[in-house]
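Participant: this one's sequence-less:
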């Protein structure tokens, strides 16, 4: 309402402050949501609402969601999905949550004119893999070991002043493990990073293991 000038003219300086306040509010909401998610995951209280998930559609929806943000930085955001990929049994909302985190991080750490690939394919084992690959600055080796620790925030090659909660990757890891899968990162400084999520076709075993021992892993 204020930004649109409905309560009177808004100067350029006021617009800047309103944008900062809006960003702070979004960050606060993200922080609260991340804390709630983390506490539920750690307590094993998250029930996976599993259904057949079309991976082609899952990837396409996430790419379309982030295209405007990527385009704003002149980043090419592309999808790469193996043909004839079978659906998997998983919680689509939770997989969206994982991909949202990985894609938004990739955009944050990829400079203008870069490229981000979001893909899905068959794993060497009996499952499938999802990946988000970017041409950003990469992650220093000493930071990789801390990436999935609570409250860790990497700043290697960050192209935005936006700060996260330091919980996003931890939550991603716990969601993936609740499905009986795993998440890994490969990165070379100056070359970019690739986050790979591996998932079984059926998530029942992983969900049961998560409930019995939510702190494992």
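Facilitator: Thanks, I have the structure now. Keep in mind that this is a model prediction, so the values were computed, not measured. Numbering: from 1, shown residues only.

Participant: in the protein, what spans have low per-residue confidence?
Facilitator: 1-10, 19-20, 22-45, 150-166, 203-217 (pLDDT under 70).

Participant: which parts of it are strands?
Facilitator: Secondary structure of the chain, counting by DSSP state E: strands at 51-53, 76-81, 88-90, 115-122, 128-134, 182-188, 192-199.

Participant: can you add distance to residue 146 and give these back as JSON lines?
Facilitator: In this view, the C-beta of every residue, glycine as well, is placed from N, C-alpha and C. As requested, the strands of the chain are exported to JSON lines (distance: least, C-beta to C-beta, whole Å):
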{"stretch": "strand 51-53", "distance to residue 146": "31"}
{"stretch": "strand 76-81", "distance to residue 146": "27"}
{"stretch": "strand 88-90", "distance to residue 146": "28"}
{"stretch": "strand 115-122", "distance to residue 146": "23"}
{"stretch": "strand 128-134", "distance to residue 146": "19"}
{"stretch": "strand 182-188", "distance to residue 146": "11"}
{"stretch": "strand 192-199", "distance to residue 146": "14"}
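
Participant: export those strands as JSON lines, with columns for mean neighbour count.
Facilitator: Shown next, in JSON lines, are the strands of the chain (neighbours: other C-beta atoms under 10 Å):
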{"stretch": "strand 51-53", "mean neighbour count": "14"}
{"stretch": "strand 76-81", "mean neighbour count": "16"}
{"stretch": "strand 88-90", "mean neighbour count": "24"}
{"stretch": "strand 115-122", "mean neighbour count": "18"}
{"stretch": "strand 128-134", "mean neighbour count": "23"}
{"stretch": "strand 182-188", "mean neighbour count": "16"}
{"stretch": "strand 192-199", "mean neighbour count": "22"}
